[in-house]
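K.L.:
Compute the structure for the input listed below.
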Amino acid sequence: MKILIATDGSICSDAAVKSVAEREWPKGSELRVVSILEHSSLESITAGEYAFKLDEIREEVRQMIKQIASSAADTLSNPNCKASYIVREGLVAQEILEEAKQWGADLIVVGTHGRKGLSKFLLGSVAQKIAIHANCSVEIVRKPQENAD
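P.N.:
The predicted structure is shown next:
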């Protein structure tokens, strides 16, 4: 079985990594972490006095994302499953779906921020896009709710 886990280092995606790490997968399963360097987040800083630093900033962000993916893969490593990671660049949902297709994933696991109403409408939902367009099963993990005691 091939399980693709998407992470951005947020609490929500950490919950997805933890969910996968806590389960026993069939022996020989492969786990792959994918993290995305989103172009749009870097394009907003190309103007003005920061334009000359774009390449430097892009490399710093790429290294941070690589560290997030590597750390998640380390968390997922176990004797029964091989864990690896990859960093891709582009639009988040599109790149996750493309990686799943190219790698031949049987399952995609993603976290969700659980936005509702207008914020979900305006921001869209990566998890929703993946669930609608994936060619394989998708599991959406919500972060654990804190007790309101």
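K.L.:
So which bits of the helix or strand encompassing Val17 are buried?
P.N.:
With secondary structure defined by DSSP states H and E, Val17 is part of helix 11-21. Of the residues in helix 11-21, 12-21 count as buried by neighbour count, 16 or more other C-beta atoms under 10 Å. To be clear about C-beta, it is placed using only N, CA and C from the backbone, and glycine gets the same treatment.
K.L.:
for that helix, packing partners?
P.N.:
Helix 11-21 is packed against strand 2-6, helix 54-76, strand 107-112, strand 137-142, with contacts defined by 3 or more C-beta pairs under 8 Å, 6 or more residues apart in numbering; DSSP states H and E.
K.L.:
Any idea which of the ones you listed has the lowest pLDDT on average?
P.N.:
With a mean of 90, helix 54-76 has the lowest mean pLDDT of the helices and strands packed on helix 11-21.
K.L.:
Please list the outside residues in contact with that helix.
P.N.:
5, 7-9, 17-18, 20-21, 31-37, 41-42, 45-46, 50, 83-87 (C-beta atoms under 8 Å, 6 or more residues apart in numbering).
K.L.:
and those, which of them are in strands?
P.N.:
5, 31-37, 83-87 (DSSP state E).
K.L.:
among those, who's most crowded?
P.N.:
Among the ones in strands among the contacts of helix 54-76, the one with the most neighbours (other C-beta atoms under 10 Å) is Ile5, at 31 neighbours.
K.L.:
I figured it was touching Asp14, is that so?
P.N.:
No. If you go by C-beta atoms under 8 Å, Ile5 and Asp14 don't touch, sitting 10.6 Å apart.
K.L.:
What degree of burial does Leu91 show, as a neighbour count?
P.N.:
16.
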